[in-house]
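Undergrad: 3D model of this:
(4 chains)
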There are 2 protein chains.
Amino acid sequence: MEADTPRIEEYLESIYKLQQEQHPVSTSRLAEHLKLSAPSVSEMVKKLAKKDLVKHTEKGVCLTDEGNKIAKKVVRRHRLSERLLTDILGFKWDEVHDEACRLEHAISPEMEDRIAQSLGNPKTCPHGHPIPDKDGLFEKEKVRPLSELKANEKAIIVNVFEEDPKMLQYMACLGLLPNVCVRVEEVAPFGGPLIVCVSGSRYALGREVASKIKVK
Amino acid sequence: MEADTPRIEEYLESIYKLQQEQHPVSTSRLAEHLKLSAPSVSEMVKKLAKKDLVKHTEKGVCLTDEGNKIAKKVVRRHRLSERLLTDILGFKWDEVHDEACRLEHAISPEMEDRIAQSLGNPKTCPHGHPIPDKDGLFEKEKVRPLSELKANEKAIIVNVFEEDPKMLQYMACLGLLPNVCVRVEEVAPFGGPLIVCVSGSRYALGREVASKIKVK
DNA sequence: CCAATGTATTAGGTAAGCCTAATTATACAA
DNA sequence: TTGTATAATTAGGCTTACCTAATACATTGG
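TA: Predicted structure coming up:
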């Protein structure tokens, strides 16, 4: 079974991403992420369920195996597109998300293969998220949010759960990029900022931001 | 004014291409090229006319200045996509048309710029057709079909008016590519084949094929 | 346990783009 | 000029994917 339309791909991709936050995805959360009204999403979810791409329980929406397979295919194309944009066309990591959102629906399996090959089968997107292989397989790293580190703990940034260009620019500006080592100097109490040390410089980092940066 | 939808872009691009064959484009020709029914095209043409993107006369459809501008933008993105596919991703010239047809609607102006830049602002697509610059300008070569050459005439292939992969494969196989020199050895009468000499080899070439190869 | 709040769905509607079948307009040959 | 073929449009319908407003369903605090 195939995703009949780009919209279906888009929904499945969103559900896939949101599942990583919390398992059954609520209609409202999905609507928010897709920037659509709740009724529109409700309706589409029903269609997806009829196609056996999602299961719709009282708690929310889950991908079926079939839905998951398609979602991962889309995610693969999205992340390969991002790499194409950064590695070959010279985009910055904060500029690629929206572009990739369109490209992911325009790319044939052949082009997918060619991109992967031209880039040497990259394992992650520019934001550090894994690129599933053709069979949907990838290595899942055990990570925790930077915001959970204690003072004087050191860790390596794995990836960044953030799509907003402004935020990504800010992070890049501080050198908070995948594979970079961070050390937490101090953790202010009451949900206050973290003082972190990145490649020789010291920065105060809000909890909100820090929670989106996953480290190992 | 902008093309509101990918479909509108598609129509304008088709009209643009067909205009090069014969000036006012007929509904039926357009329908055939777009692989749609005549009534669908008829209806859409009315919409395009209302948006002042085409002029609809008794003779057929013509692009307005505005329509032409958008069409050339789409053509630019299409042809840059094709070059990206061949030059960077290693596709063959017969594999890129359909892929580019989808990419052309997914590419932002920024990506367009980046592709052009990464490729060194190429002047033509892999099939030899000019890539309009950002202002829609390009150099139009004076060409004639290979089929009009007389025996013993020599010429250089400029471009190829053909999208069918099978046909393009065939041409590539004979070495009939842009910038290649051909010599006509013999012209069979009554619309018969041409005997042409390409890089040392001699081939019999049907008129049909030869008429799609433009030379200077 | 009931009201207030928040979440989800139903009802009803719109716009874009496509279709087929029927009709009208054009054109050309007998 | 009239009949026939071809080209174009009108009429009427369909699907997808969205919307708002109204309703139903849950949940939780008082």
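
Undergrad: which bits of chain A sit near DNA strand D?
TA: A:4-8, A:35-37, A:39-40, A:43-44, A:47, A:58 (Cβ under 7 Å from any atom of the strand). (Each C-beta comes from the backbone N, C-alpha and C, glycine too.)

Undergrad: Mind putting these into JSON lines with secondary structure, neighbour count and pLDDT?
TA: Formatted as JSON lines, those follow (DSSP: H, G, I helix; E, B strand; the rest coil; neighbours: other Cβ atoms under 10 Å in any protein chain shown; pLDDT from 0 to 100):
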{"residue": "A:Asp4", "secondary structure": "coil", "neighbour count": "11", "pLDDT": "80"}
{"residue": "A:Thr5", "secondary structure": "coil", "neighbour count": "10", "pLDDT": "93"}
{"residue": "A:Pro6", "secondary structure": "helix", "neighbour count": "14", "pLDDT": "96"}
{"residue": "A:Arg7", "secondary structure": "helix", "neighbour count": "14", "pLDDT": "97"}
{"residue": "A:Ile8", "secondary structure": "helix", "neighbour count": "19", "pLDDT": "97"}
{"residue": "A:Lys35", "secondary structure": "coil", "neighbour count": "6", "pLDDT": "96"}
{"residue": "A:Leu36", "secondary structure": "coil", "neighbour count": "18", "pLDDT": "97"}
{"residue": "A:Ser37", "secondary structure": "coil", "neighbour count": "10", "pLDDT": "97"}
{"residue": "A:Pro39", "secondary structure": "helix", "neighbour count": "10", "pLDDT": "97"}
{"residue": "A:Ser40", "secondary structure": "helix", "neighbour count": "12", "pLDDT": "97"}
{"residue": "A:Glu43", "secondary structure": "helix", "neighbour count": "12", "pLDDT": "96"}
{"residue": "A:Met44", "secondary structure": "helix", "neighbour count": "20", "pLDDT": "97"}
{"residue": "A:Lys47", "secondary structure": "helix", "neighbour count": "14", "pLDDT": "95"}
{"residue": "A:Glu58", "secondary structure": "coil", "neighbour count": "5", "pLDDT": "84"}
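
Undergrad: for the longest helix seen in chain A, packing partners?
TA: Longest helix in chain A, counting residues (DSSP state H): helix A:65-83. Applying 3 or more Cβ pairs under 8 Å, 6 or more residues apart in numbering or on different chains; DSSP states H and E, one finds that helix A:65-83 makes contact with helix A:6-19, helix A:96-103, helix A:109-118.

Undergrad: which residues touch the longest one?
TA: So the one you mean is helix A:6-19. Defining contact as Cβ atoms under 8 Å, 6 or more residues apart in numbering or on different chains, one finds that helix A:6-19 is touched by A:3, A:25, A:29-30, A:33-34, A:41, A:44-45, A:47-48, A:51, A:53-54, A:61-63, A:67-68, A:70-72, A:74-75, A:78, A:101, A:104-105.

Undergrad: let's go with 7 Å and repeat that
TA: Here helix A:6-19 makes contact (Cβ atoms under 7 Å, 6 or more residues apart in numbering or on different chains) with A:3, A:25, A:29-30, A:33-34, A:44, A:48, A:53-54, A:61, A:63, A:67, A:70-71, A:74-75, A:78, A:105.

Undergrad: circling back: distance from the longest helix of chain A to the middle of the chain?
TA: Chain-centre distance of helix A:65-83: 11 Å, with Cα atoms, centre = their mean, to the nearest Å.

Undergrad: and if you look at stretch A:98-118?
TA: The chain centroid and the centroid of stretch A:98-118 are separated by 17 Å under Cα atoms, centre = their mean.

Undergrad: Any residue of it touching chain B?
TA: Yes - counting by Cβ under 7 Å from any Cβ of the partner chain, chain B has neighbours in stretch A:98-118: A:Glu99, A:Arg102, A:Leu103, A:Ala106, A:Ser108, A:Met111, A:Arg114, A:Ile115, A:Ser118.

Undergrad: For chain A, which residues are neighbours of chain B?
TA: A:88-91, A:99, A:102-103, A:106, A:108, A:111, A:114-115, A:118.

Undergrad: Return the member of the residues you listed nearest to A:Asn159.
TA: Here the nearest of the residues of chain A next to chain B to A:Asn159, counting by Cβ to Cβ, is A:Phe91; it sits at 18.0 Å.

Undergrad: tell me the contacts of the nearest residue to that closest one once chain neighbours are set aside?
TA: In space, and not counting its chain neighbours, A:Phe91 is closest to A:Leu85: 4.2 Å by Cβ to Cβ, 6 or more residues apart in numbering or on different chains. Contact analysis of A:Leu85 by Cβ under 7 Å, 6+ apart lists A:Phe91, A:Val96, A:Glu99, A:Ala100.

Undergrad: just those residues now: which is nearest DNA strand D?
TA: Of all these, DNA strand D sits closest to A:Ala100, with 17.7 Å by Cβ to the nearest atom of the strand.

Undergrad: Now do the closest residue to the closest one other than its chain neighbours, the pLDDT please.
TA: Distances taken as Cβ to Cβ, 6+ apart place A:Ser81 nearest to A:Ala100, at 4.0 Å, with adjacent residues excluded. pLDDT recorded at A:Ser81 is 98.

Undergrad: repeat for A:Phe190
TA: Reported pLDDT for A:Phe190: 79.

Undergrad: count of neighbours near it?
TA: Close neighbours of A:Phe190, defined as other Cβ atoms under 10 Å in any protein chain shown, add up to 5.

Undergrad: One more: the one 3 residues further on?
TA: Burial measure for A:Pro193: 17 neighbouring residues, criterion other Cβ under 10 Å.

Undergrad: just checking, it touches A:Ala204?
TA: Yes - counting by Cβ atoms under 7 Å, A:Pro193 touches A:Ala204, with 4.5 Å between them.

Undergrad: Tell me where the model's unsure across chain A.
TA: Along chain A, the parts satisfying pLDDT under 70 run over A:1.

Undergrad: can we see that at 90?
TA: A:1-4, A:20-23, A:57-59, A:150-151, A:186-193, A:199-200, A:207-208 (pLDDT under 90).

Undergrad: how does it divide into domains?
TA: What automatic domain parsing lists as the domains of chain A is A:6-63, A:144-215.

Undergrad: Make a markdown table from the ones you listed and add distance to A:Asp135 to it.
TA: What follows is those, written out as a markdown table (distance: least, Cβ to Cβ, whole Å):
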| stretch | distance to A:Asp135 |
| --- | --- |
| domain A:6-63 | 16 |
| domain A:144-215 | 21 |
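
Undergrad: closest one to DNA strand C among the ones you listed?
TA: domain A:6-63 (3.1 Å).
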